[in-house]
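Novice: Have a look; sequence and predicted model below, questions after that.
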Protein chains: 2
Amino acid sequence: MTAAESNGNFPGKGAGAPVGVAILGKGTVGTGVLQLLSEFSYNLEQRIGGPIEVRGVAVSNVDKHKDAPEVQGLYLTGDATELIERDDVDVVVEVIGGIDYPRELVLKALRSGKSVVTANKALVAAHGSELADAANEAGVDLYYEAAVAAAIPVVGMLRRSLAGDQVQRISGIVNGTTNFILDAMATTGASYEEALAEATRLGYAEADPTADVEGHDAASKAAILASMGFHTRVTFDDVHCEGITQITADDIAAAKRANQTIKLLAICERLLDENGNTRAVNARVHPTLVPNDHPLATVDKSYNAIFVEAEAAGRLMFYGNGAGGAPTASAVLGDLVGAARNKVHGGRAPAENLYADYPVVGFEEVETRYHINMTVNDRVGVLADLARQFADSDVSLSAVRQEESGDEAHLIVVTHAAQERNLQEIVERLKGHEDVRSVNSVIRLGA
Amino acid sequence: MTAAESNGNFPGKGAGAPVGVAILGKGTVGTGVLQLLSEFSYNLEQRIGGPIEVRGVAVSNVDKHKDAPEVQGLYLTGDATELIERDDVDVVVEVIGGIDYPRELVLKALRSGKSVVTANKALVAAHGSELADAANEAGVDLYYEAAVAAAIPVVGMLRRSLAGDQVQRISGIVNGTTNFILDAMATTGASYEEALAEATRLGYAEADPTADVEGHDAASKAAILASMGFHTRVTFDDVHCEGITQITADDIAAAKRANQTIKLLAICERLLDENGNTRAVNARVHPTLVPNDHPLATVDKSYNAIFVEAEAAGRLMFYGNGAGGAPTASAVLGDLVGAARNKVHGGRAPAENLYADYPVVGFEEVETRYHINMTVNDRVGVLADLARQFADSDVSLSAVRQEESGDEAHLIVVTHAAQERNLQEIVERLKGHEDVRSVNSVIRLGA
């Protein structure tokens, strides 16, 4: 508890006082924020208790933006630092993107006593503790609802609504690009490459789709969700991350036959000891077979959804647009109303609170289930032999299905829950086995 | 803006200070609250910044409750007023139910400077303005997340997350009992009476199910949702309300054939003028045909879900348990953490804000669509004659389907959107028409 926090007193400027806002960045989200600020100015003033006054917009290239309709009548500057440090700026909105430069600006803002609203998942996932410490030291607010799933209010839900409960598990579709691709593959039978091309053509995937398709974007969000849900710092580097680039049309078709759907999930979970107490937490991102009757299976197109299991509340799901200029701007404005309201009426939003501080364990310690599809020699005894390999790795089987074709056979094996370490080991052993011609796919089960 | 609000300063007691809590009522929810307070005391203290100390539990019959495990070591009293007015009580939790008596107690608490957390939808829907005024006068918090859909955080979402957006429409399944009954009818083909009996047997319906099956419970929630979403006071009496008691197995089967599902929806919507500006708002509860590919159609059993359309955020849905002791207690505790945190660290939650103050219009002015099933004489020209009746009432038809059987025919008519007043009028005219043997069902369309 810092000095600023401990006096229990965060006085406001008083009702009717204007709230000065600096906007850093004018990409899609920044433009959306400026448009909504203009369109909703009367509503925002009523909800805040004082008017929002935009003190300026910082961009890297003033000439490029100076004719844009959203900035007419506003101070446009290339000097973000000068704007942040102005005495009449109360709240700084960071919608630049990237990590190092926005980190520097956000820290400067917090240390100057400005509250900050950011939509920057990569920044929060990489440097959340440093930012939270700076906000606590200064007794100001740090909001980042827009960093996870845009206008789906999962950050507010974890921070406030479930503050009296215990979050057990979070599993979510938190990347619209990959969900669009997987849904297109399932709907049309397209290959990964074809579906990616379609996503790019329609604007759902960026020119360089790496951050989305390799799961990095989802991993940042998993780190933020786990940190809030478990009151324990989980950073981007803690999150095991597998993307969707290896998923084939055959995998999708096989999943469909088994009444399952492949989704890229961010999964945050507690690991329990024998008494049922939390001994550690884990966060990860990987393609997952979800049963078709699970609410996450029906989340189509580029929609996002986050499924939360809490001890008392039970199962909750939140669904909506997880990206895009307008939905992200909506989340930024919701945060801005909160930060501005505190500047007017006093008080402070609940800060990040990492009191639980559980160990964060690597993926190999987590229990998962595997769905393995391989091609094997069709000879007497091969099944018995392979089954013994699983037993030797301490992995028990839930289902085995064999389909013959000529002198080879397709073998599909579904395991019971076992340590990821052992499952990875068995896959390596299968790959080296003389009767295994190829391991065609390995996908984990369970939302 | 009141005196307390205008000074922009709501100082806290300081970090580490205990927060005294009075619990009024010890039914299912009160018991759940006491259990969670005990189980989560360490977590709650960390999240609030000071410990919760339960000063007492007020019940109508002390003898009945004094041996319950949750109240051991606690002060149990029959005198709620005395408990509320104790100097060391900071927050009052009202989980009694009913209207008049809790109204009196909640007003007393607010006027004594205590923040209040209530789960009482009927109280908030009937007397919301009076309670909000008392909270504003005293500069304290009034929270009621648990009043709508238990732990589904729709109140927080409307109050905070969408504070920078404009809510266009809310449609929700907000009553678990009726959703269970309708889902059972759809799944098993049971009659309404059979499904109600099953719901009662399993504990999903109360001995007197009137408040649920007649839609009164949902209407209270619709009033609260509309008030928050549109920043306009909508009370229980403003909400047009039809229950599910007239829904037959035939209606359910017909809906299924048309790829629709019948749900009891609470619908809150804006009525726009020719320039697209809001001229009024309306809230209502009635059975509704929902297309099977709409997210609300798949909400089964006793689950609740609230679908919100906002201008910038787009379509959002929130799904979960909408009732029950533990989920409701979770919502109460989330609110309690918020209220207690403000008592420790200062500040005040956003209060109800009815600045928009739109006219609230009656159902007859709203545009709806009807699905009408009737039995008519099978004679030449009857269809043309009936179609003219619709045209005379200024109602245009979207689809007509006729099935003959002997000398009578079943006619199913689906209208385009038309004023509810005109639709009601045409139904009356059809009932009196010489060629209409019976109007078998009238169900509105559209989630």
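Specialist: Structure's in. What do you need? Quick caveat: nothing in here was measured; it's all calculated off a predicted structure.

Novice: Can you classify A:D394 as helix, strand or coil?
Specialist: coil (DSSP: H, G, I helix; E, B strand; the rest coil).

Novice: check which helix or strand covers A:D250.
Specialist: When elements are defined using DSSP states H and E, A:D250 is found to belong to helix A:249-257.

Novice: Mind listing what's buried along that helix?
Specialist: Across helix A:249-257, burial judged by 16 or more other C-beta atoms under 10 Å in any protein chain shown covers A:A249, A:D251, A:I252, A:A254, A:A255. C-beta here means a position set from N, CA and C on the backbone, and glycine is covered the same way.

Novice: How far does it sit from its chain's centre?
Specialist: The chain centroid and the centroid of helix A:249-257 are separated by 26 Å under C-alpha atoms, centre = their mean, to the nearest Å.

Novice: quick one: which of the buried residues of helix A:249-257 is nearest chain B?
Specialist: A:A255 (19.6 Å; C-beta to the nearest C-beta).

Novice: contacting residues around that closest one?
Specialist: Listed by C-beta atoms under 8 Å, 6 or more residues apart in numbering or on different chains, the contact set of A:A255 reads A:A186, A:T261, A:I262, A:L289, A:I443.

Novice: if I look at the fourth one, how far off is A:V116?
Specialist: If I follow you right, that is A:L289. From A:L289 over to A:V116 the distance is 40 Å, taken as C-beta to C-beta, to the nearest Å.

Novice: Least confident of the buried residues of helix A:249-257?
Specialist: Ranked by pLDDT, the buried residues of helix A:249-257 bottom out at A:A254 (91).

Novice: does the residue nearest to that one when sequence neighbours are not counted belong to a helix or a strand, and which?
Specialist: Spatially, and ignoring its direct neighbours in sequence, A:A254 is nearest to A:N373 (6.4 Å; C-beta to C-beta, 6 or more residues apart in numbering or on different chains). Using DSSP H and E, A:N373 falls within strand A:370-377.

Novice: now the angle between helix A:249-257 and that strand, please.
Specialist: Calculated by axes from the mean of the first three to the mean of the last three C-alpha atoms, to 10 degrees, strand A:370-377 forms an angle of 120 degrees with helix A:249-257.

Novice: For stretch A:267-280, list the C-alpha coordinates in CSV.
Specialist: Output of stretch A:267-280 as CSV, limited to C-alpha atoms (Å, rounded to 0.1, in the frame of the first residue of the first chain):
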residue,chain,number,x,y,z
ILE,A,267,-7.0,-20.8,-21.2
CYS,A,268,-6.2,-19.5,-17.7
GLU,A,269,-6.4,-22.1,-15.0
ARG,A,270,-5.6,-22.9,-11.4
LEU,A,271,-3.6,-26.0,-10.5
LEU,A,272,-4.9,-27.5,-7.3
ASP,A,273,-3.1,-29.5,-4.6
GLU,A,274,-4.6,-32.7,-3.1
ASN,A,275,-6.7,-30.6,-0.7
GLY,A,276,-8.2,-28.6,-3.5
ASN,A,277,-6.2,-25.5,-2.7
THR,A,278,-4.5,-23.5,-5.5
ARG,A,279,-0.9,-24.4,-5.7
ALA,A,280,-0.1,-22.5,-9.0
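
Novice: Name the SS class of the closest residue to A:Y75 other than its chain neighbours, please.
Specialist: Counting by C-beta to C-beta, 6+ apart, A:G56 is the residue found nearest to A:Y75 once chain neighbours are left out, at 3.8 Å. Classification of A:G56 by three-state DSSP places it in strand.

Novice: Repeat that for A:A135.
Specialist: Assignment for A:A135 (three-state DSSP): helix.

Novice: Distance-wise, check it relative to chain B.
Specialist: Distance, A:A135 to chain B, using C-beta to the nearest C-beta, to the nearest Å: 14 Å.

Novice: Pull the contacting residues for that residue.
Specialist: A:L110, A:S115, A:V116, A:D141, A:L142, A:A351.
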